[in-house]
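K.L.:
Sequence unavailable; structure follows:
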């Protein structure tokens, strides 16, 4: 004992060993913490900083953006880790569905709901639903059938029908709200239902999920508005308001997941309600704080995902396991990407033209160039695709070479689509839309912008910097919707909102706690 | 196969089963996520919401605060979980040092540094160091010796000398910066050094750790200021500024832990530098956002810790394992708490009186009533104590009943001290200080307030709501420091800061990017 203590005391001289012999005298690792976690976090946060700085410097560059920077930086870091570990593994962190679906995705979706232009979103709601639901179904069928026909010719034979359907589902996910909803919740029943003609039942469960999830989100948002308005938190502390908003934004997501509803839909609608009511009930500084803090958290989560996908791309075990030649790999990947292209084209153009038939006003129609942009901008596949692919093909049950090949091919498709589509989209939009843009009509409100396109796609680009008035965004004038019926709906909603909702839940123009005039007439006339 | 699919399709009807048969047909749990994690998070976040609401409602109540609310709510939740699990376990979450030291502590300490009143902190720096270092050493000796003498009489015999020293170290931690530094970094060498008279070496390593950790924090803070000032992030996006500040606040902590330095000291000084330079280089909305967001994150982390400690108190396994009678438990706990009282008294009163001897101005002396408050306010033991106790006594190597008894006794001491000291402190300060307060002298700057006392103790109370001008805080006039020498130091620092630091790193009055006058003379004269 005494020798041990003396030894320890001697060792204790150099600070490197300071905490190495605390309670487990044999362990020589750092302090109270798990060193590998600390190293991983350190690398990731340092890379995030680098992404932000580089992304900022490249802001004016039309070909680059934070996503691509993060992806490429992640790839570089992966190479470095691979070299350091002498080709053993490029993994600092195992791909974790929990990390992704519990911590990274919710803030992104919440912020999308929180910052969305509500009026435009609801004006385009039918289009969004149409593209989201039917589009995904069509795309899924095309890709599944395509995979079924082509893969045997390439030489991939061991996959069963379930795998083919899964590939269709994985590859048709555009990261859009409805798609995600369909995919993460009832992926398999969905597939089975399609196959066995149980489409009617499917629509029933889909509608059930859609409405319950939405209702949960709306209820949580309204509850937060009501609590903050009634208790008037700002009286004591801004921080409590902000804390409550964060917590009450995250809780419904967890609840929805627990109840097997769609957390993503829930948190999205919760975000919308919070920005419509709750946000107006808090103090001025809370408003600024929440607006920027939510956007920043979402931004960090997004960048983290791309960084992560980049580092994960060099999953050396999977590459070895797949045993495929470069030729086969390339063939499978390009087939998949081609199917994604075709699958997306197969619903965008027909659906858009069907919508145009119902549209009487010329300016409200979706013209071919706009259809092309919608088609192109939705081609990007991201982290959700990789997560689903791992989920399907990396399970311990089956680790055949061809399952591994599916994962590596998915990674290639994601890298290719993110880098190519990500960098080409901005210049493409400028080239296609700006050159031929029509003169603006006077009503700015009806002027559907790129923002709308983003909403429609819920792309992984940052929907935050809406202040960022770049000419490309301001100038484009996509007219996507049959605007008149929705305008009427909007009028009645406004009436209802002003008369019944806002007096209870607060909202713009409703200064909280003026007890004498809780429903002041002057406030009612404020615009939504 | 076909039957299986059909079965699955049939099952797929009810939404509860929607995602239960995805890729592992046998598993019936929810979607892609780990259900137990989701449940745990759900419960914790719901309780956090409840804490915030109840804490807000009890704001005016002088006996209650968020910490106590969280602790009691946690206890209640623990009881409920215990009942649901039929007495098996009250644990929703295993106590994790990683969670505590990696995710919860850094934001609290960073925010303490970020929101600290810099002038007052540095004016009292010597006192803080003196109380922090020597105070802890004295308290540690008193408690260790006390434990050594009394425990045998109570009937606790199996603990060795190392355990006694550890108890001394664990119980003397006031959650103050220096104490934590000493404890989490070189706990064992420290103890050994004391025992074997290697005090000189100890001071060397302590100073080494202190200066390297501080330097790392300062460097990281200055780097963030320099990057944000030079690249002028606000030009494009507020969110990038905020993201960079979060990341660059957290990175040095991780780096320090990796290098076996004191992450807590590092992140504390990083916070100070960031509030002095970086914060002034960002846009107005970023300033509001960072100020409130950091405070809120710290607030949530704090509340979470207390909630967690409350829930963890019913660690039924440890209670069973300890096999101690209620009498022994009570005897050990009360002995420990008595030793904490004595240990703290043993350095507060002598050190304060020694400081008073060097103090010529009557008003700068620390009077007995003020000493009493300082003594009392530092008695609270919190999550750090529990974390250290688990770390020492819950290791798999030794799981003797008496080790378990030490953990349960620590929990009792923490609960008792938090509830009693936490609720009595506020009324006590009012009673002792307000009744006998001297008339205010004109110089408000020299008027050391309760804020100062908080800095001195770095208590777990929230140092955020400094706007919250309660009479108790404004009125108390503790004069803790020999103010004149430090005033001179402060004068020269200001000169140096204005001439060399601010032109490079920015700071108050330095509007970023006015390229014509980067060191505008008018700005130099702004006050610190």
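P.N.:
Received, thanks. As the structure is a prediction and not an experimental result, all values here were calculated from the model. Numbering: from 1, shown residues only, chains lettered A, B, ... in the order given.
K.L.:
Could you double-check that residue A:346 sits in contact with residue A:137?
P.N.:
No - using C-beta atoms under 8 Å, residue A:346 makes no contact with residue A:137, being 10.5 Å away. (Glycine included, C-beta is placed from N, CA and C.)
K.L.:
what about the nearest residue to residue A:394 once chain neighbours are set aside, distance to residue A:82?
P.N.:
In space, and not counting its chain neighbours, residue A:394 is closest to residue A:407: 6.2 Å by C-beta to C-beta, 6 or more residues apart in numbering or on different chains. Residue A:407 is 17 Å from residue A:82, where distance means C-beta to C-beta, to the nearest Å.
K.L.:
Neighbour count for those two, which is higher?
P.N.:
Between residue A:407 and residue A:82, counted using other C-beta atoms under 10 Å in any protein chain shown, the more crowded position is residue A:407 (23 against 17).
K.L.:
Could I get the buried residue list for the helix or strand containing that one?
P.N.:
If you go by DSSP states H and E, residue A:407 is part of helix A:401-429. Using 16 or more other C-beta atoms under 10 Å in any protein chain shown as the test for burial, helix A:401-429 gives A:402-419, A:421-423, A:425-426, A:429.
K.L.:
where does residue A:63 land in three-state SS?
P.N.:
Secondary structure for residue A:63, judged by DSSP: H, G, I helix; E, B strand; the rest coil, is coil.
K.L.:
count of residues packed around it?
P.N.:
Neighbour count for residue A:63, taken as other C-beta under 10 Å: 12.
K.L.:
State the distance from the nearest residue to it once chain neighbours are set aside to chain B.
P.N.:
Spatial nearest neighbour of residue A:63, excluding adjacent residues (C-beta to C-beta, 6+ apart): residue A:423 at 4.5 Å. Residue A:423 is 18 Å from chain B, where distance means C-beta to the nearest C-beta, to the nearest Å.
K.L.:
cool, residue A:151 as well?
P.N.:
From residue A:151 over to chain B (counting by C-beta to the nearest C-beta), the distance is 19 Å.
K.L.:
With residue A:352 instead?
P.N.:
On the measure of C-beta to the nearest C-beta, residue A:352 and chain B end up 31 Å apart.
K.L.:
Residue A:369 is in contact with that residue, correct?
P.N.:
No - with contact defined as C-beta under 8 Å, residue A:352 and residue A:369 do not form a contacting pair (11.3 Å).
K.L.:
Please say which of those two ends up with more neighbours.
P.N.:
Using other C-beta under 10 Å, the more surrounded residue of residue A:352 and residue A:369 is residue A:352, with 22 against 15.
K.L.:
helix/strand/coil for that one?
P.N.:
Classification of residue A:352 using three-state DSSP returns helix.
K.L.:
Contacts only, for it.
P.N.:
A:366, A:371, A:374 (C-beta atoms under 8 Å, 6 or more residues apart in numbering or on different chains).
K.L.:
Now do the phi/psi pair for the first one.
P.N.:
Comment: the main-chain dihedrals of residue A:366 come out as phi -90, psi 110, following degrees, to the nearest 10.
K.L.:
I figured the residue nearest to residue A:394 hits residue A:393, correct?
P.N.:
Yes - between residue A:407 and residue A:393 there is a contact under C-beta under 8 Å: 5.2 Å.
K.L.:
What segments of the stretch 201-350 of chain A are helices?
P.N.:
A:238-258, A:263-273, A:279-281, A:284-312, A:316-322, A:326-357 (DSSP state H, counting those that start in this stretch).
K.L.:
okay, these, which one's buried deepest?
P.N.:
helix A:263-273 (a mean of 29; mean count of other C-beta atoms under 10 Å in any protein chain shown).
K.L.:
ok now do the closest residue to residue A:345 other than its chain neighbours, which residues does it touch?
P.N.:
Nearest non-adjacent residue to residue A:345, counting by C-beta to C-beta, 6+ apart: residue A:375, 5.8 Å away. Residues near residue A:375 by C-beta under 8 Å, 6+ apart: A:344, A:345, A:348, A:349.
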